[in-house]
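Q: Compute the structure for the input listed below.
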Amino acid sequence: MDILAVLVALIFLWLAATWSSARSYFAKGRLAGMEEATREIIRGVRSHFDVAGQDLPDNVSKAVEAVNSFARFRTAEKSIQRYQARLWTFGDAVGGACWRKGYETCHQKMAPRPDRVRLDLSIAELQDIAALAHLGFKKMMPNDRGIELMRFGGEDHAISVARAVERLELAIPEKHRPSSHSATRLTMINNWWRPLERKSA
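A: Have a look, this model is predicted:
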């Protein structure tokens, strides 16, 4: 009976030792795979910036140095945890660098030529400006004799259109920009609607 108990205890000890050895072997293999994958990623990141003739961003360089200077601990499990923490920092730095590089590349491709200007205008602003442009075109024709039946719907409408036109004018280089148009439009608005407010008061 005592021999059977000893055999059972030895079998349990052997199973525990086998499990611990297998777990340690698996953890070491996992850590080695993480290190190899990280080296390949770092190589790819460096080559990407080298092809573009740029240096690695500072935060990426520091994250790479932290990963490369990693020293294993006594247990593989603890080494994996510490290594993962450095990989999180590295991934965050590379992700931010990729976002900035992509944004800058998109900005360069989408930006207009130096002699061009782009503006963001709402549909209502574009409609108002198109109507004003059409009216101005008709008034500049030598044979124009009529009066266009187009009026602002009120002071707020006039002010919003004036602001839209001013945005167009501000896009013109300063040396070519009309200097008094904005003030003239504001004066016309005040001269028409302010006296009406005083009379109604």
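
Q: and the longest helix for this protein?
A: In the chain, taking DSSP state H as the definition, the longest helix is helix 2-51.

Q: which residues are contacting the helix or strand following that helix?
A: Using DSSP states H and E, the next helix or strand after helix 2-51 towards the C-terminus is helix 58-68. Contacts made with helix 58-68 from outside it, assessed by C-beta atoms under 8 Å, 6 or more residues apart in numbering, are listed as 38, 42, 45, 55-56, 83, 86-87, 89-90, 92-94, 96-97. Backbone N, C-alpha and C define where each C-beta goes, glycine included.

Q: now the very next helix or strand once past helix 58-68 and helix 58-68, what's the angle there?
A: Note on helix 58-68: by DSSP H and E, the next helix or strand toward the C-terminus is helix 76-110. Per axes from the mean of the first three to the mean of the last three C-alpha atoms, to 10 degrees, the angle that helix 76-110 makes with helix 58-68 is 160 degrees.

Q: Can you give me the buried ones in helix 76-110?
A: By neighbour count with 16 or more other C-beta atoms under 10 Å, helix 76-110 contains the buried residues 76, 79-80, 83, 86-87, 90, 93-94, 97.

Q: Save the residues you listed as JSON lines, and put in pLDDT too.
A: Formatted as JSON lines, the buried residues of helix 76-110 follow (pLDDT from 0 to 100):
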{"residue": "A76", "pLDDT": "67"}
{"residue": "S79", "pLDDT": "76"}
{"residue": "I80", "pLDDT": "76"}
{"residue": "Y83", "pLDDT": "78"}
{"residue": "R86", "pLDDT": "81"}
{"residue": "L87", "pLDDT": "82"}
{"residue": "F90", "pLDDT": "83"}
{"residue": "A93", "pLDDT": "84"}
{"residue": "V94", "pLDDT": "83"}
{"residue": "A97", "pLDDT": "83"}
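
Q: TSV for those residues, including distance to S182?
A: What follows is those, written out as TSV (distance: C-beta to C-beta, whole Å):
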residue	distance to S182
A76	71
S79	67
I80	65
Y83	62
R86	57
L87	56
F90	52
A93	47
V94	48
A97	43
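
Q: of the residues you listed, closest to D2?
A: Nearest to D2 among those: A76, at 38.1 Å, using C-beta to C-beta.

Q: roughly how far apart are the spatially most central residue of the chain and G53?
A: Taking C-alpha atoms, centre = their mean, the centroid of the chain lies closest to Y103, which sits 5.9 Å from it. From Y103 across to G53, the span is 19 Å (C-beta to C-beta, to the nearest Å).

Q: Likewise for F90?
A: If you measure F90 against G53 using C-beta to C-beta, the figure is 23 Å.

Q: what domains does the record give for this structure?
A: Domain ranges of the chain: 2-110, 123-200, per automatic domain parsing.

Q: want to try JSON lines for those domains, with distance to R116 as columns?
A: Shown next, in JSON lines, are the domains of the chain (distance: least, C-beta to C-beta, whole Å):
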{"stretch": "domain 2-110", "distance to R116": "12"}
{"stretch": "domain 123-200", "distance to R116": "10"}
